[in-house]
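1. give me the fold of what follows.
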Amino acid sequence: MKTLKTFCYASVLAVGGSVAIADVIEMGPRPYYLIDRMADGALKEKLTSCMGQDVQRTNFSIGHRGAPMQFPEHTVESNVAAARMGAGILECDVTFTKDKELVCRHAQNDLHTTTNILASDLSGTCVAPFAPASGDTEAVAECRTSEITLAEYRTLNGKMDAANSNGTTVEEYMDGTAGWRTDLYSAEKGTLMTHAESIELFRTLGAKFTPELKSPSVEMPFDGFSQQDYAQKLIDEYKAAGVPASDVWAQSFNLDDVLYWIENEPEFGAQAVYLVDHYDIDGFDPQDPASWPRPLAEYKALGVNYIAPPTWILVAVENGEIVPSEWAKQAQAAELNIITWTIERSGPLTTGGGWYYQTIEEVTNSDGVMYELIDVLAQDVGVAGIFSDWPATVSYYASCMGLE
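-> So this is what the prediction gives:
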């Protein structure tokens, strides 16, 4: 059986050609394309002045599931690509298998959209087998890591996260990648990882760590495995690998997970990140504190030091300009460190940008607006880091502006 080091070094060699890949940082044309589409002004001039300069790896640039705009998320290949684009922190969303081993998947029940399981011998393990589209009824399936062992998980290949709801065959259902993404880098193989293997790989790539403890799709405790056991096992795998707590930003949408780390693993808890889901509350308005579940200062009083909302919660429009929202101002006043998600997840921005741009839709009419948003988040909101599906975009900005 492969050791972790053998797995990770072999994987890096297979896709990167050298374990010195941590020293290779390349931007490609994407940042320049975005700058070209910006409105003329001081920000465009500043970003243009950095063209051709070396880009430094920075913790401000966080690979969101690697680089899933073009590579299958949470795969070796996706994370190698993110590291090549200067991401200083990489993410493994953590869930568990039937035998309670931690693996990197965005959700416990996403195997039908992120892997080839429906076309494999493991399709029979799916809790909802593939059902084709028929008339007005969309195609459906649901496949969970908790229904397969780690050994079975290792037989799967990662693919772009997508499904064609109009599919009448498994092949059609699996072929749903958005036109602004690509299947070019997923046709051969997307190498899946355990959480422990991601730790070794990220270290090899010269990056730090931001694991997210995902909400289980199964009822907890699961075969004696409690939510606290789950949260502890995530931390234990960093301790076993000798990773200092200062290099880890453990995340969860479940505030109880964050509070568990603060109380039981205080060194790791000091950098634990509460991923806020205020947007799920009816009537939530980032400009109206009365619509928030609690004053933001209360999180700080509970010991939470890092808080992470989606980008749109942090910004508003005033006089045609992007500015910090009231939510962002109060988070600053509470002395909370802010991390935000996700840049490069929206496709072309010519028609308003969709969910991540909803509070600045009126000024979002060009891909160049992306750097205007990033600049406000960095300079006015003061975020500590930005997740991106294509880290080159954030890495270029951070390096140009001298952010760490």
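2. for the residue nearest the centre of the chain, which non-adjacent residue is closest in space?
-> The C-alpha lying nearest the average C-alpha coordinate of the chain belongs to residue 64 (C-alpha atoms, centre = their mean; 2.7 Å). Counting by C-beta to C-beta, 6 or more residues apart in numbering, residue 387 is the residue found nearest to residue 64 once chain neighbours are left out, at 3.9 Å. The way it works is simple: take the backbone N, C-alpha and C, and place the C-beta from them, glycine included.
3. do residue 114 as well
-> Distances taken as C-beta to C-beta, 6+ apart put residue 161 closest to residue 114, at 4.8 Å, once the chain neighbours are dropped.
4. re earlier: need the contact list for the residue nearest to the centre of the chain.
-> 91, 341-342, 345, 387-389, 391 (C-beta atoms under 8 Å, 6 or more residues apart in numbering).
5. next, the residue nearest to residue 64: secondary structure please.
-> Here residue 387 is recorded as strand under DSSP: H, G, I helix; E, B strand; the rest coil.
6. ok, it - how many residues close by?
-> By other C-beta atoms under 10 Å, 25 other residues sit near residue 387.
7. please name the nearest non-neighbouring residue to residue 196.
-> Once flanking residues are discounted, residue 196 sits nearest to residue 237: 5.1 Å by C-beta to C-beta, 6+ apart.
8. any figure for the gap between residue 323 and residue 381?
-> Residue 323 is 9 Å from residue 381, where distance means C-beta to C-beta, to the nearest Å.
9. just want to know which of the two has more residues nearby.
-> Between residue 323 and residue 381, counted using other C-beta under 10 Å, residue 381 has the larger neighbour count: 20 against 15.
10. check contacts around the more buried one.
-> Counting by C-beta under 8 Å, 6+ apart, residue 381 touches 314-315, 324, 328, 332, 338, 340.
11. now, the residues you listed that are in strands?
-> With DSSP state E as the criterion, strands contain 315, 324, 338, 340 from among those.
12. count the neighbours of residue 289 for me.
-> Residues lying near residue 289 (other C-beta under 10 Å) number 13.
13. contacts only, for residue 183.
-> Residues near residue 183 by C-beta under 8 Å, 6+ apart: 159-160, 177.
14. on that earlier part again, neighbour count and distance to residue 155 for the ones in strands among the contacts of residue 381 - can I get that in TSV?
-> As requested, the ones in strands among the contacts of residue 381 are exported to TSV (neighbours: other C-beta atoms under 10 Å; distance: C-beta to C-beta, whole Å):
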residue	neighbour count	distance to residue 155
315	24	44
324	21	48
338	22	40
340	26	36
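15. nearest to residue 144, of those residues?
-> residue 340 (29.2 Å; C-beta to C-beta).
16. bridged to that closest one, which residues?
-> Beta-bridge partners recorded for residue 340 (DSSP bridges): residue 386.
17. so it touches residue 310, yeah?
-> Yes. If you go by C-beta atoms under 8 Å, residue 340 and residue 310 touch, sitting 6.8 Å apart.
18. follow-up on the earlier one: phi, psi for the residue nearest to residue 196 please.
-> phi -70, psi -30 (degrees, to the nearest 10).
19. okay, it and residue 77: tell me how far apart.
-> Separation of residue 237 from residue 77 (C-beta to C-beta): 22 Å.
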